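*Asks:* make a model of this:
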Amino acid sequence: MTVIGIDDTDSRELGMCTTYLAARVAERVGAERRLLVRLNPAVEHKTRGNAALAIHTDADPDDAFEVAREAVAEAAATDDPRTNPGLVVAPGDPGAVPDSVAAFARRAVRERLDVEAAEAELDAAGYRHAGWKVGRGKIGALAAVGAWAGLGPAPDANGVDRDGSNAADGPGGEWTYECITYRERDRWGTPREVDADSVFEAADDAYPVVWDTVDRETGELVCVPHTPGPILHGIRGDDPDAVREVAEAIESEPVERRAVFVTNQGTDAHLRDAPLSAAANGRSYRTTGTVVDDPETRRGGHVFFAIEDGESRLDCAAFEPTKRFRDRVRALRAGDRITACGEASEDTLKLEKFAVRSLNRTELATPDCPDCGRSMESAGAGQGYRCRDCATTADGKIERAVDREIELGWYEVPPEARRHIARPLVRGGFDAPTHPER
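*Replies:* Numbering: from 1, shown residues only. Next up is the predicted model:
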């Protein structure tokens with residue numbers, strides 16, 4: 001077999017999409033599998049989804065390289081100063097790449113890597129590669145080549161190779177699916193014509209196997225992008241047939257082509273478990289601490305608070321685009337213990353989800369007079385409290401039960417604010433009750 005890795009051919013402004021280019025290459029070489037790999041969402045040089053693509057094919061490696069090189073040179077949005085395409089072609093089975101290549105793929109999902117590191121690995125592996133401009137796309141292209149071995153589940157006990165089946169847990173992780181539908185070329189950059197009612201009906205019929213298609217509270221069509229590129233809609237889920245069926249059920253403008261990708265979307269593959277002290281900018285974490293102060297809403301609608309674990313402290317934030325998720329955050333109070341998940345940036349954890357582990361259900365309050373029921377007054381610094389009318393006294397404040405508007409368990413941002421790689425609660429696999437957003 002042969003593996004083709006492609007990355008960084010698209011542009012937010014000019015509208016190209018690496019998945020579209022990969023779909024075209026896959027048709028030309030004959031693909032056994034198309035792989036869409038979401039890399040570290042915290043890196044600076046990325047488009048919104050930070051996706052790299054791999055094509056698994058039986059084509060000759062030299063022929064595959066020429067076909068892919070020609071396609072990238074022709075279609076990549078290199079006029080965008082941020083676009084720096086990369087191409088890698090590796091001979092051999094995608095599950096049998098060198099251990100260092102598989103490790104590179106794992107690192108690319110959680111760390112910041114540079115072109116020099118990618119080129120050193122490429123030379124050591126003997127892979128053919130090409131870069132345009134500074135060639136930053138070689139990082140993602142190599143990661144895509146190593147992803148099948150580095151990110152997915154291991155072969156079973158009988159040595160049968162992984163087949164991308166639903167949620168097959170293993171040392172590396174799991175795979176999900178996305179069916180991407182593409183627009184006719186002359187429609188790129190124009191408003192998309194998609195019937196919203198048909199999207200909601202198809203989404204409801206397939207939920208929860210198919211997820212993050214719509215946001216039912218706001219009415220947003222999450223599956224329909226707003227960029228000027230070739231994608232009409234993308235349907236994500238746990239079953240390849242289900243995502244295709246939903247895509248085909250949507251009424252829309254004419255479709256140019258459609259492709260199903262195996263992907264690490266919706267898996268939380270970017271998160272690493274770590275104590276608060278280990279949180280470093282440019283990476284994403286799952287970490288636990290106690291809320292220090294009640295959350296504060298600041299200018300712009302962003303909500304901030306801090307957690308601590310006895311040794312370290314970490315600021316956390318729910319930013320305005322997370323919408324109603326901020327109400328879940330505002331419901332926290334000092335003394336609550338939570339597990340927080342998100343990207344560390346500017347020494348602040350940008351929340352994607354959190355789990356309430358324990359709730360502070362009491363507060364200190366001024367005591368009431370046991371005789372008349374009125375609230376006591378301070379008797380002076382360090383002298384406790386007294387009732388002005390009854391002369392009764394109390395040594396200090398008392399603990400009083402507090403009604404809480406939040407429960408134990410996991411909470412998440414709504415579908416329209418979710419990162420591609422973040423795991424929706426509806427997919428399961430969490431260690432506490434879940435409160436999914438639909």
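
*Asks:* confirm that Gly95 sits in a strand.
*Replies:* No. Gly95 sits outside any strand when classified using DSSP: H, G, I helix; E, B strand; the rest coil, being helix.

*Asks:* can you check the pLDDT for Pro171?
*Replies:* According to the prediction, Pro171 has pLDDT 33.

*Asks:* what about the helices in the stretch 251-400 of the chain?
*Replies:* With helices called from DSSP state H, counting those that start in this stretch, the stretch 251-400 of the chain shows them at 325-330.

*Asks:* just for it, where's the confidence low?
*Replies:* Along the stretch 251-400 of the chain, no part satisfies pLDDT under 70.

*Asks:* then Ala143 would be within a helix, right?
*Replies:* Yes. Counting by three-state DSSP, Ala143 is part of a helix.

*Asks:* not counting its neighbours along the chain, what's nearest Asp294?
*Replies:* Nearest non-adjacent residue to Asp294, counting by Cβ to Cβ, 6 or more residues apart in numbering: Arg333, 5.0 Å away. For every residue, glycine as well, the C-beta is placed using N, CA and C.

*Asks:* residues in contact with the one you found?
*Replies:* Counting by Cβ atoms under 8 Å, 6 or more residues apart in numbering, Arg333 makes contact with 291, 294-295, 360, 402, 404.

*Asks:* name the member of those with the most neighbours.
*Replies:* Counting neighbours by other Cβ atoms under 10 Å, Val291 comes out on top of these with 23 neighbours.

*Asks:* who's it bridged to?
*Replies:* For Val291, the beta-bridge partners are Ile307 (DSSP bridges).

*Asks:* isn't it right up against Phe304?
*Replies:* No. Applying Cβ atoms under 8 Å as the test, Val291 and Phe304 come out as separate, 11.5 Å apart.

*Asks:* partners of the longest strand seen in the chain, with directions?
*Replies:* Longest strand in the chain, counting residues (DSSP state E): strand 348-358. Within its sheet, strand 348-358 is paired with strand 313-318 (parallel), strand 337-345 (antiparallel), strand 409-412 (antiparallel), according to DSSP bridges.

*Asks:* which of those sits closest to Gly30?
*Replies:* Counting by Cβ to Cβ, Gly30 lies closest to strand 337-345 out of the strands paired with strand 348-358; the figure is 38.1 Å.

*Asks:* buried residues, the closest one. List them.
*Replies:* 337-344 (16 or more other Cβ atoms under 10 Å).

*Asks:* and if you look at stretch 133-141?
*Replies:* Residues of stretch 133-141 classed as buried: 133, 135-141 (neighbour count, 16+ other Cβ under 10 Å).

*Asks:* got CSV for the strands paired with strand 348-358, with distance to Pro94 too?
*Replies:* Output for the strands paired with strand 348-358, formatted as CSV (distance: least, Cβ to Cβ, whole Å):
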stretch, distance to Pro94
strand 313-318, 38
strand 337-345, 29
strand 409-412, 32
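
*Asks:* nearest to Ser198, of the ones you listed?
*Replies:* Per Cβ to Cβ, nearest to Ser198 of these: strand 409-412, 26.3 Å.

*Asks:* and that closest one, how far out from the chain's middle?
*Replies:* Averaging C-alpha positions (Cα atoms, centre = their mean, to the nearest Å) puts strand 409-412 15 Å from its chain's average.

*Asks:* contacts for it, please.
*Replies:* With Cβ under 8 Å, 6+ apart, strand 409-412 has contacts from 325, 328, 352-356, 418, 422, 424-425, 430, 432-437.

*Asks:* strands paired with whichever helix or strand comes after that strand, and their directions?
*Replies:* Downstream of strand 409-412, the first helix or strand assigned by DSSP states H and E is strand 434-435. Sheet pairing for strand 434-435, assigned by DSSP bridges, gives strand 409-412 (parallel).

*Asks:* got the CA positions of the partner strand in PDB?
*Replies:* Listed next in PDB are the C-alpha coordinates belonging to strand 409-412 (Å, rounded to 0.1, in the frame of the first residue of the first chain):
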ATOM      1  CA  GLY A 409     -21.500  15.600  36.500                       C
ATOM      2  CA  TRP A 410     -20.200  16.800  33.100                       C
ATOM      3  CA  TYR A 411     -21.200  20.000  31.300                       C
ATOM      4  CA  GLU A 412     -20.100  21.100  27.800                       C
END
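
*Asks:* pLDDT of that strand, averaged?
*Replies:* 98.

*Asks:* buried ones in that strand?
*Replies:* For strand 409-412, the buried set under the neighbour-count rule, 16+ other Cβ under 10 Å, comprises 409-412.

*Asks:* picking that back up, looking at the contacts of Arg333, which one is closest to Val199?
*Replies:* Distance to Val199 across these (Cβ to Cβ) is lowest for Pro295, with 34.2 Å.

*Asks:* could you measure from that closest one over to Ile6?
*Replies:* 42 Å (Cβ to Cβ, to the nearest Å).

*Asks:* can you list the domains in the chain?
*Replies:* What the record gives for the chain is the domain set 2-150, 176-263, 271-361+403-435, 362-401, from automatic domain parsing.

*Asks:* which stretch among these is buried most, on average?
*Replies:* Most buried of the domains of the chain, by mean neighbour count (mean count of other Cβ atoms under 10 Å): domain 2-150, with a mean of 22.

*Asks:* can you give me how far it is from the chain middle?
*Replies:* Mean-position distance between domain 2-150 and its chain equals 20 Å (Cα atoms, centre = their mean).

*Asks:* stretch 245-252 now?
*Replies:* Centre-to-centre, stretch 245-252 and its host chain are 24 Å apart (Cα atoms, centre = their mean).

*Asks:* likewise for stretch 321-329?
*Replies:* Per Cα atoms, centre = their mean, the centroid offset for stretch 321-329 relative to its chain is 17 Å.

*Asks:* do stretch 368-380 as well
*Replies:* Worked out by Cα atoms, centre = their mean, stretch 368-380 lies 53 Å from the chain centre.
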